[in-house]
Structure formats: structure tokens, C-alpha cells
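Chemist: could you work out the structure for the sequence below:
(chains A and B)
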Amino acid sequence: MKRLMIGNEAIARGAYEAGASVAAAYPGTPSTEIVSSFARYPDVYAEWAPNEKVALEVGIGASLGGARTLVAMKHVGVNVAADPLYTVAYTGVNGGLVIVSADDPGMHSSQNEQDNRGYGIFAKLPVVEPSDSQEAKDFTALAFDISEEFDTPVMLRVTTRLSHSQTLVDEGEAGERILKEYKKNAPKYVMLPGYARGRHVEVEKRMIKLAEYAETTPLNRIEWGDRSLGIITSGVAYQYVREALPDVSVLKLGLVNPLPKNLISSFAEQVERLVVVEELEPVIEQQLKAWGITVEGKELFTLLGEYSPEMIAQRLAGAEPAVSSELDIPPRPPLLCPGCPHRGVFYTLRRMRVAVMGDIGCYTLGALSPLEAMDSCVCMGASIGMTMGMEKARGQEFASRMVAVIGDSTFVHSGITPLIDTVYNQGTPTILILDNDTTAMTGHQDHPATGLTIKKVPTKKLDLETLVRAIGIDHVRVVDPLKLEEFEAVIREELDRREPSVIIAKRPCALIDRTPITTTLFVDEELCNGCKACIRIGCTGIYFKDDEKKAAINLNTCVSCGMCAQVCKFDAIKVVEG
Amino acid sequence: MSQIMNVLIAGVGGQGTLLTSRIIAQVAVDLGYDVKVTEVHGMAQRGGSVVSEVRYGEKVYSPTIPKGQADVLLAFEKLEAARWLDHLKPDGIVIVNDERVDPLPVMSGKMKYPEDIIDRIIQLKPKTTVANATKTAVECGNVKAANVVLVGILSKVIGLPPEKVEEAIRKLVPPKALEVNLAAFRRGIDWSVNQ
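Modeler: The predicted structure is shown next:
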């Protein structure tokens, strides 16, 4: 029976049906649901790794150990895992190894929109690209076969639109979990120079074999139609092409590295005009041009963001854009939730006018109006190293007016090594670990410091305070960021100190906090003078009544965290029991 | 009905657009159609403008609805109805909840909430139904069932068989919330539809 599945769930299903028994990932939009879905199957091992590099290394070990293994990450996670990635391309596999890269054209929830098909070319890996959930399932299963047949890891490249769109999937039978024999084989798995040189030869031979396979694989297919226009496309762009141009000829590529030269040349010869439609980088187009094939691509289509059927219809079929009614509508940017502990953090940091080196998570919203209290955000863990660099460039005086903010999950991901750097190289930073006891942005996944595994099994809990002390930080403070006065006083004390310190701003994410709400807030209109100090904290739990010039609590959204009451200078917001 | 039915569901992160798209999609699956649903996860969900797109018919290619081709816009909030209006066909149908949620620029006083937004929507799209789904949901016993009141109105407008929708609600809503949601759905069905 057919069932609706998001692309990510279909990948997990494909891996399960193909007999995969190990999966590892660090959560990251749009990849998160791949391994969280896989974890629900019986008789499999799945884990949240501390970061993508660890996830891939666990994956390599499992593959070497003979298990079919799935590793998943968002596009920028592949950067973190790039070190093992390039070398596992040399060692090859034992059990099939499929590495999912979930790219984010349009940057729905990312800091860049890099095109990870480039990794396939650079690291010499086959790259498989499905275009809907059914293909996501089928191609994942086939990717395991390719991995074992050609002794190579396979990259399954998807994009946000595929990962998070639901389309119909025909579920198959659960395959048997096969554990291949493990044999020690140092020349294959010990990548010291003498052995790696031998493996590089194998890699190049493999690419030639894969290029031959590309000519005949069912992953690539031609759909003949009107031959005045031929389109070469892959991934979700294929769906847009079929929607916009139902009658043209299409070469749909499911294996985007290596490309099938003969198949493409033959297709090119049989159509009058050839166009490549691919989101982001001209990966396919450039290869065709290198082969001397006349083709159009990025002169018609943008390098930026997601494509759409209407864009393709406009560029290739002369369609007119839809009319715009030009309504002037206030934008609705995302906001921190009511009761969010990060609101206390950024409200305080803005008040103190300190420089803030930021990091990746919900708290990156602290950069936006109305709190606007963040100076930088580059990548996972960057806040701490950047604080160190700032101090070394601008001196200790500047450092005493600067903090790093980093979430608990992000700190475990890649904040530990830069913290060691600050101690080792005698920096004096003040680092705030925003510990909300979860990986909130990606949908509340557990991590080593929550004390629960991906299957919610209790495990040894990483104690951040002990860890930070062991690194050599002597001044560690734990404080609730929604106790504003106390929080600000602690930050001031630690900024004044000419030694490194860590402040753990500890309070659970408002969306997972199960503490019963026992109080209600209300605005005493006699006392409210309409100054809007409470409105400027940017909480949907409080709003301003324009007619009466008074603040009011939105009882549908307020969770009684009491932050607005603390910022009111007129004591107009009252907390009552019940 | 054209070859493909395109339903755009717009709201504010946290309003329950995801359950709504799931119910409609499940009905379409049960009716034997090809179905695609797309929505944005991640950062935008944090109180931002969110949209789900449901498409069904004999064969659906793109998961996104081409701009200007949506048959119905189901909006959980007035401003969000206006924001996505251009995605509708010229004679497209709007079902809008008479609910106001101020976005940040309004909360902070930098911009005004357009008070006449409903009138302007009706001017541009005469086939507009304004419903106080939030109030109806409260009457049914839970404010959170407003999305299912809207599903009721929608199913009548686009001709989804009520028994199939109830079946989908039974599949997708947790048992303890089922009675409230079924009541909300029936209230939606009973809503008179302006044409």
C-alpha cells in the first residue's frame, strides 16, 4: 500500500529495506528526520553523534565491521566530516556505506547554500540524486548495492524540498540484516603514505568503472518528447521541468557523478536545443562544456536559491509571471518563543552593549530585531575561537566588553576544542553556554549533555560544568538567564575578571519545559504608562493596545515566565497564582 | 476541478498548519489520488510566516504550487491570507480565519497592522469566506481545534466527502482530542459559504 512520506523518512525506509543496521548523524535541518526515522525500526542501532565527523567515523567503523551503514548530515555538516570523507573514499568499504548530504538551496535554515555535488567530484565519490520520496527510498537501497559492488562510499544528495516534501511511497519488505565477515586488511584500511598510494590507484580505476556503469544504470533515463528542446536535469528540478514543460525531451540523471558521457552526447545530438536545469552550481553544465557539448544553463537560470515550475515556464516557454496585487504587508520574521531562556540572555547583552560572537541555533535569532544583540555567526562552534581572535587582535580591554554565546548542543559539537585553545593560549574570554537541555532548532533532539540517547534510553550524562573545569576554566558560574538582575550581575563580574570564565545560562527550552505553569500575568492598567519597555523584549505573550496606550498579556501564548514583569519599571505587570 | 487541486495553507508558526495539510493529504490519498505536500521546517517555524502546500490529482509533479495557480488559500490569520494572495488563481477561493496575530514590526510599533485587510482581500478575491474559527473552536472545547473548523469549511468548498475527512481525522488526531476535533470539523461543514 502506498503511504505519504517525507523524503527523509523514505531514505530511512530505503536503508532499512536494504538491510542497513547502523546509522549515525548529528541533527541539522534539513537532514534531521533521516536518522530519527531510522531509529524507530527494530533490530537496528542508531545514534546522535556529537558532530558529523564523529558520525561519519562511527559509520566508517560500522562499514569496516561488515554492516550496511547510513550516515546523514546537512550540507555544512559535510564540511565538518570532510576529513574522514576524503579518505574513506580511498579505503572503500566492507558493508555498504551511504552518506546523505541534505543541501539547503534557498537557505531555509542554514548559513550558506553550498552545492555538495562538488564533494562527489572532489572526493571521487559516486553521487546519487533522487527527485521524490519513492526514488529516495529506491535510490538509497540501490546506493548500498553500488557501494558494495564498487567498494566505495556513496553520497546520496538531497535538498530541503525533497527532504521535507511528502510524496507517495510503496513500502517494500524489510530486508535481512547481513553482517559481512571482517578481515584485517592493512593496505586497504591503514592510510599511511605507502598504502594510500596504492589505494589512490584503485580510486581512479573505480571512477572509470563507475563512468561505464553510469551509461547503463537505471538511475539515469531519457523521456523522449518533442525534440526541439532537450533538458538535462536531476533532483527536484526534474519535477519542476515536467510540470512546466510536459512535452519536451528530458534526460533525467539519478547518478550525477560520474556523468554518462555517451548517453549525454547521444541525447545532445538528437535534440535541437539543449538546456541543463540544475539548482545552485553549474555542476552538470560545466562538465558538458568541458566535453565540448553546446549547452545552455546558467545564462538562463540563477545560481541562487530554489527553482520553481513557474521560473522554468517563464525562461523556456515564454510564460508571463503571475500578477502581483502589491499589497503592503508587514513582514513576519521568526521570533524566540514565549518563555524562551535566550530572550533573557540577549535582552541583558543588549542592555550591557557588549560585543557578542554568536553561534548556530535558535539563539541566532538574538541577532534580529528587537534584541539585535549579536555581532557574528559563522559556523558551529565559531563563537569561542572568534572571541579568542578578537581578543588577540584588539586586546584585553576589548575582551572585557565581549562575550561568546554558544548552545549546549553546539558546544558539545565543536566548542570544546576552541575552549581548550583559550586556556592554552592565555585568552581571557567570557563564554556563555546557553544550556536549554536540548538541540532545539532542529526539533529537540537529545545530545550527550541531556543524558538520553536517540531512543530516549538513559545514559551517562555529560556534565558541562565538570568538563569546562577539566579544560582549565577556573571560573564557572551557573545561572538562570530569566532571573535578569542576577544574570547581569554575574556577567559583569566575569567580564571584569582578567581570566577566562564560562557562564552556563541554564534553563530548559520553553517548548520542552514540563514544569507546570501555576501563575498568570496581567497588566495593571493604572500603573502601566505605555512606555513599551515590555513590548521591546519581542515576545508574542504581550502586546500593545494602540487605542488605550496600554500593554496587555496574550493569555493564549503567555507561559508566565515573568520576564516582562522584570523589565517593567512601573511594576505594572502582576503575577498572580492560578 | 482542474486536473490538479492546489491548496495553500498559510499561518503563523505554531498555529497547526501541519496537521491541516496532513488531514487534507490523507483524504486525497484515501480517494486514490497522487498527492504531494510540501512545507518548511526549521527556523521559520519559530513564530514566523509558514505555509504548507497540498496538491492532488491524477499525476502531480512539482511539490510546490506554481505562483498564481492555487485553487484555494486556507489562511489561519488575516495578514497571512494577504501575504499569499498572489499565489491564487485569478478566481481562486480564500478561506480566512478572522484572527489577528501581530508580527514583530507591528508589536514594536514600527508598522501598522492593516485594519482593512479583510476588505482588501475581498476586493481582490471576491470568493472569500471569513470565519471566526478560533471562536468556534473555543465553543467546541479547545482553541487548538480552530484548524479543524477550517478543514470543515474547506472540505465543503472543494467537495471532499465528509465521511472521508472524518476518517482522516480519526487516523491523525490523538484519541483524547478526537471528540473536540470531530465537533470542530462538523461546525466547519455547517458554515455557510459565500460565493
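Chemist: quick check, central residue of chain B?
Modeler: In chain B, the centroid-proximal residue (C-alpha atoms, centre = their mean) is B:Leu74; its distance is 3.0 Å.
Chemist: which strand or helix spans it?
Modeler: Here B:Leu74, judged by DSSP states H and E, is contained in strand B:70-75.
Chemist: helices or strands up against the next helix or strand after that strand?
Modeler: On the C-terminal side of strand B:70-75, the closest following helix or strand by DSSP H and E is helix B:78-83. For helix B:78-83, the contact count by 3 or more C-beta pairs under 8 Å, 6 or more residues apart in numbering or on different chains; DSSP states H and E identifies strand B:4-12, strand B:88-97, helix B:117-124 as packing neighbours. Quick note: C-beta positions are derived from backbone N, CA and C, even for glycine.
Chemist: now these in TSV, with distance to A:Met380, mean pLDDT and mean neighbour count?
Modeler: Putting the helices and strands packed on helix B:78-83 into TSV (distance: least, C-beta to C-beta, whole Å; pLDDT from 0 to 100; neighbours: other C-beta atoms under 10 Å in any protein chain shown) gives the following:
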stretch	distance to A:Met380	mean pLDDT	mean neighbour count
strand B:4-12	29	95	25
strand B:88-97	39	95	21
helix B:117-124	40	95	16
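Chemist: looking at those, which is closest to chain A?
Modeler: Taking C-beta to the nearest C-beta, helix B:117-124 is the member of those nearest to chain A, at 5.2 Å.
Chemist: chain center to the closest one, what's the gap?
Modeler: Computed by C-alpha atoms, centre = their mean, to the nearest Å, the chain-centroid distance of helix B:117-124 equals 17 Å.
Chemist: do that helix and chain A meet?
Modeler: Yes. Applying C-beta under 8 Å from any C-beta of the partner chain, one finds helix B:117-124 in contact with chain A at B:120, B:124.
Chemist: tell me the angle that helix makes with strand B:88-97.
Modeler: Here the directions of helix B:117-124 and strand B:88-97 differ by 150 degrees (axes from the mean of the first three to the mean of the last three C-alpha atoms, to 10 degrees).
Chemist: related to what we said a few turns ago, save the helices and strands packed on helix B:78-83 as TSV, and put in distance to A:Glu269 too.
Modeler: Written out in TSV, the entries for the helices and strands packed on helix B:78-83 read as follows (distance: least, C-beta to C-beta, whole Å):
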stretch	distance to A:Glu269
strand B:4-12	35
strand B:88-97	41
helix B:117-124	50
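Chemist: which of the helices or strands spans the residue of the stretch 351-500 of chain A found nearest chain B?
Modeler: In the stretch 351-500 of chain A, the residue found nearest to chain B is A:Pro370; the distance is 5.3 Å by C-beta to the nearest C-beta. A:Pro370 is located outside every helix and strand, with elements delineated by DSSP H and E.
Chemist: how about the contacts made by it?
Modeler: Under the criterion of C-beta atoms under 8 Å, 6 or more residues apart in numbering or on different chains, the contact partners of A:Pro370 comprise A:536-538, B:104, B:108.
Chemist: out of those residues, which is nearest to B:Ala168?
Modeler: Taking C-beta to C-beta as the measure, B:Leu104 is the one of these closest to B:Ala168, at 34.7 Å.
Chemist: neighbours around the closest one, how many?
Modeler: For B:Leu104, the number of neighbouring residues by other C-beta atoms under 10 Å in any protein chain shown comes to 23.
Chemist: before we move on, what about the one 5 residues further on?
Modeler: By the other C-beta under 10 Å criterion, the neighbourhood of B:Gly109 contains 12 residues.
Chemist: A:Glu52 against A:Val78, yeah?
Modeler: Yes. Using C-beta atoms under 8 Å, A:Glu52 makes contact with A:Val78 at a distance of 6.9 Å.
Chemist: and those two? Which one has more around it.
Modeler: Between A:Glu52 and A:Val78, A:Glu52 has the larger neighbour count (other C-beta under 10 Å), namely 30 against 26.
Chemist: please name the nearest non-neighbouring residue to that one.
Modeler: Setting aside the residues directly before and after it, A:Glu52 is nearest to A:Gly77 in space (C-beta to C-beta, 6 or more residues apart in numbering or on different chains), at 3.7 Å.
Chemist: what's the longest helix belonging to chain B packed up against?
Modeler: In chain B, assigned by DSSP state H, the helix with the most residues is helix B:175-190. Identification of packing neighbours for helix B:175-190 by 3+ C-beta pairs under 8 Å, 6+ apart yields helix B:133-140, helix B:146-158, helix B:162-172.
Chemist: dump these into a markdown table; add mean pLDDT and mean neighbour count as well.
Modeler: Output for the helices and strands packed on helix B:175-190, formatted as a markdown table (pLDDT from 0 to 100; neighbours: other C-beta atoms under 10 Å in any protein chain shown):
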| stretch | mean pLDDT | mean neighbour count |
| --- | --- | --- |
| helix B:133-140 | 92 | 21 |
| helix B:146-158 | 93 | 25 |
| helix B:162-172 | 95 | 16 |
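Chemist: sheet partners, orientation included, of the strand holding B:Leu74?
Modeler: strand B:4-12 (parallel), strand B:88-97 (parallel) (DSSP bridges).
Chemist: up against chain B, what does the stretch 251-400 of chain A have?
Modeler: Within the stretch 251-400 of chain A, the positions lying close to chain B (C-beta under 8 Å from any C-beta) are A:308-310, A:313, A:321-325, A:327-337, A:362, A:364-365, A:369-370.
Chemist: hmm, 7 Å instead?
Modeler: Residues of the stretch 251-400 of chain A lying close to chain B by C-beta under 7 Å from any C-beta of the partner chain are A:308-310, A:322, A:324-325, A:327, A:329-337, A:362, A:365, A:369-370.
Chemist: of those, buried ones?
Modeler: Buried members of these, scored by 16 or more other C-beta atoms under 10 Å in any protein chain shown, are A:308-310, A:322, A:329-330, A:332-337, A:362, A:365, A:370.
Chemist: show me which pair in those residues is furthest apart.
Modeler: Using C-beta to C-beta, the pair of those lying farthest apart is A:Pro309 and A:Pro370, separated by 37.6 Å.
Chemist: least trustworthy helix or strand in chain A by mean pLDDT?
Modeler: strand A:542-545 (a mean of 89; mean pLDDT, DSSP states H and E).
Chemist: please state the offset of that one from the chain centre?
Modeler: Mean-position distance between strand A:542-545 and its chain equals 35 Å (C-alpha atoms, centre = their mean).
Chemist: what's in contact with that strand?
Modeler: Contacts with strand A:542-545, where a contact means C-beta atoms under 7 Å, 6 or more residues apart in numbering or on different chains, come from A:532, A:534-535, A:551-554, A:564, B:102, B:107, B:109.
Chemist: can you redo these as TSV with distance to A:Ile406, secondary structure and pLDDT?
Modeler: Listed next are the contacts of strand A:542-545 as TSV, based on distance: C-beta to C-beta, whole Å; DSSP: H, G, I helix; E, B strand; the rest coil; pLDDT from 0 to 100:
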residue	distance to A:Ile406	secondary structure	pLDDT
A:Lys532	31	coil	92
A:Cys534	28	coil	95
A:Ile535	29	helix	91
A:Ala551	33	strand	95
A:Ala552	35	strand	94
A:Ile553	32	strand	95
A:Asn554	31	coil	89
A:Cys564	26	helix	97
B:Asp102	31	coil	87
B:Met107	28	helix	82
B:Gly109	32	coil	78
